[in-house]
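> 3D, please:
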Amino acid sequence: MLPRVTATEPADERRRATRQGLAVALATSAYGVSFGALAVASGLDVWQTCVLSALMFTGGSQFAFVGVVGAGGVAATPAAIASSALLGVRNAAYAMRMSPVIGRGFWRRAGAAQFTIDESTAVSLAQTDPRARTLGFWVTGIGIYIGWNVSTLLGALAGDVLGDPRQYGLDAAAAAAFLALLWPRLRGRQALAVGAAAAVIATVLTPGLMPGLPVIVAAAVAVAVGWFNWLGRSERPAPEPPDVPEREGLP
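Okay, here's the model as predicted:
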């Protein structure tokens, strides 16, 4: 006879996945206020800011875009697009990992593409039950999408009413957001070496190149280091948890 607790474990994990997704969505959405204000300060109007959040919907890429445009104006738009695209490439890797979680079907996968971001992937893969993984992905992705766009609108309206947000220090929002994204990933000597080298290269090239281009050159260095696995040969990645773990009392 199977232990009675095993029948409630999946339901408990699904509830936990829902709570985690909503909590992450609430915390992440708050950054949208800074983005909305910074985008207006960079020269975008409220409508352009909201469209950018609705269509691009990846925080790091959005901050990169408005940061480069704010520093270089319309002439820097190609560099801004290239910089934001480089930061968005990671979502393609997330999509490959999330493909088994999302399941088959063109419309299901097409809808999931817009919500495949850092947070939805992390919450989903933190679960062990397959259905809890799927639930965690959708709750987190949709929750952040709604919250991010609402807070973007609020930030853009506030920036438009208050005037230049730079006087409140919001011009540092992009740098702070990048640092918050980067800091937890600086583990191991390869990541530290790449971060230090990219910072030095960007600092040296910034005075002489158009805004955005130093970021692209620094990213090329990071790609080269990762491609050849310099300084990372002795580092072993942590093993992933199994997709479907064995449960006590089940075959």
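> how is the chain partitioned into domains?
Per automatic domain parsing, the domain ranges recorded for the chain read 10-182, 186-234.
> so of the ones you listed, which one's packed in deepest?
Comparing the domains of the chain by mean neighbour count (mean count of other CB atoms under 10 Å), domain 10-182 ranks first with a mean of 18. The C-beta positions use only the backbone N, C-alpha and C, and glycine is treated the same way.
> packing partners for the helix or strand containing Gly143?
Under the criterion of DSSP states H and E, Gly143 resides in helix 130-162. Using 3 or more CB pairs under 8 Å, 6 or more residues apart in numbering; DSSP states H and E as the contact definition, the elements that helix 130-162 packs against are helix 9-29, helix 31-41, helix 46-55, helix 90-102, helix 106-113, helix 118-125.
> make JSON lines from the ones you listed and add mean pLDDT and distance to Ala79 to it.
Formatted as JSON lines, these follow (pLDDT from 0 to 100; distance: least, CB to CB, whole Å):
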{"stretch": "helix 9-29", "mean pLDDT": "87", "distance to Ala79": "27"}
{"stretch": "helix 31-41", "mean pLDDT": "85", "distance to Ala79": "17"}
{"stretch": "helix 46-55", "mean pLDDT": "92", "distance to Ala79": "16"}
{"stretch": "helix 90-102", "mean pLDDT": "86", "distance to Ala79": "19"}
{"stretch": "helix 106-113", "mean pLDDT": "90", "distance to Ala79": "25"}
{"stretch": "helix 118-125", "mean pLDDT": "89", "distance to Ala79": "24"}
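> looking at those helices, which is closest to Ala219?
helix 90-102 (11.5 Å; CB to CB).
> tell me the gap between the closest one and the middle of its chain.
Computed by CA atoms, centre = their mean, to the nearest Å, the chain-centroid distance of helix 90-102 equals 13 Å.
> what sits up against that helix?
For helix 90-102, contacts defined as CB atoms under 8 Å, 6 or more residues apart in numbering pick out 58, 108-109, 112-113, 116-118, 121, 124-125, 130, 133-134, 137, 243.
> distance to Ile142 added to the helices and strands packed on helix 130-162, as TSV?
Shown next, in TSV, are those (distance: least, CB to CB, whole Å):
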stretch	distance to Ile142
helix 9-29	8
helix 31-41	15
helix 46-55	13
helix 90-102	13
helix 106-113	10
helix 118-125	9
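> which stretch among these comes nearest Val66?
If you check each of those against Val66 by CB to CB, helix 31-41 wins as the nearest, at 4.6 Å.
> same for the closest one, what does it pack against?
Judged by 3+ CB pairs under 8 Å, 6+ apart, helix 31-41 is in contact with helix 46-55, helix 59-72, helix 130-162, helix 173-182.
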